[in-house]
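**Student:** Here's a sequence, model it:
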Amino acid sequence: MNNSTQKNIKWLSIAILLIATVNIVFIYAVTISKVWLQDSMVWNQDKLAWQIFIIAGRFVGFALLYLFCWIFLVRTYRALKNGVIFPKSNIALIRWTALVTVLTTFVQSNYDDVLQGATCAVLDGNTLFVPLAILLFAGLYKMAYLTAKDSSLAI
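**Tutor:** Okay, here's the model as predicted:
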């Protein structure tokens, strides 16, 4: 892979991480503001554990996705420096991302209701669709890894 492609990937990775950082800071700031600073959250004593689970799931889920993004991009960039296009370790990382996405999409669909003190849970279509799409990309990534491996053996 030529040097200009590696530079483009490096700058694209930096842009992705910058946008992801701004996004997670915004999500955390809004959540902290709504729950603790503005005191606009309606605490329902019957569903207190549910509300805490959703709020904690929001913090943990988005933090894990942010961390996975960092790991993916660092692994990819290191592998490119070594001449590997698709590092095998990213396959498992993409699968874990799909699993964490189940949590984050479920939490995201219930977040506004929890802030208002609602007692029902919502299962959105995205809770199943988005992780399945990510699993599809994990399969495609695995196929690309195997193809690149076969291609390097043929040369």
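**Student:** list the contacts for the residue nearest to the spatial centre of the chain?
**Tutor:** In the chain, the residue lying closest to the centroid (CA atoms, centre = their mean) is residue 65, at 2.9 Å. Applying CB atoms under 8 Å, 6 or more residues apart in numbering, we find residue 65 in contact with 97, 100-101, 104. No exception for glycine: its C-beta is placed from N, CA and C like everyone else's.
**Student:** please redo it, this time with the cut-off set to 7 Å
**Tutor:** 97, 100, 104 (CB atoms under 7 Å, 6 or more residues apart in numbering).
**Student:** Looking at those, which one is closest to residue 142?
**Tutor:** Among these, residue 97 lies closest to residue 142 (CB to CB), at 13.8 Å.
**Student:** separation between that closest one and residue 131?
**Tutor:** 9 Å (CB to CB, to the nearest Å).
**Student:** With residue 84 instead?
**Tutor:** In this view, residue 84 and residue 131 are 27 Å apart by CB to CB.
**Student:** Give me the more crowded residue out of those two.
**Tutor:** residue 131 (21 against 17; other CB atoms under 10 Å).
**Student:** Can you name the helix or strand that the more buried one falls in?
**Tutor:** Using DSSP states H and E, residue 131 sits within helix 126-154.
**Student:** Who are the packing partners of that helix?
**Tutor:** Packed against helix 126-154 by the contact rule (3 or more CB pairs under 7 Å, 6 or more residues apart in numbering; DSSP states H and E) you find helix 89-115.
**Student:** picking up where we left off before, roughly how far does the residue nearest to the centre of the chain sit from residue 47?
**Tutor:** 26 Å.
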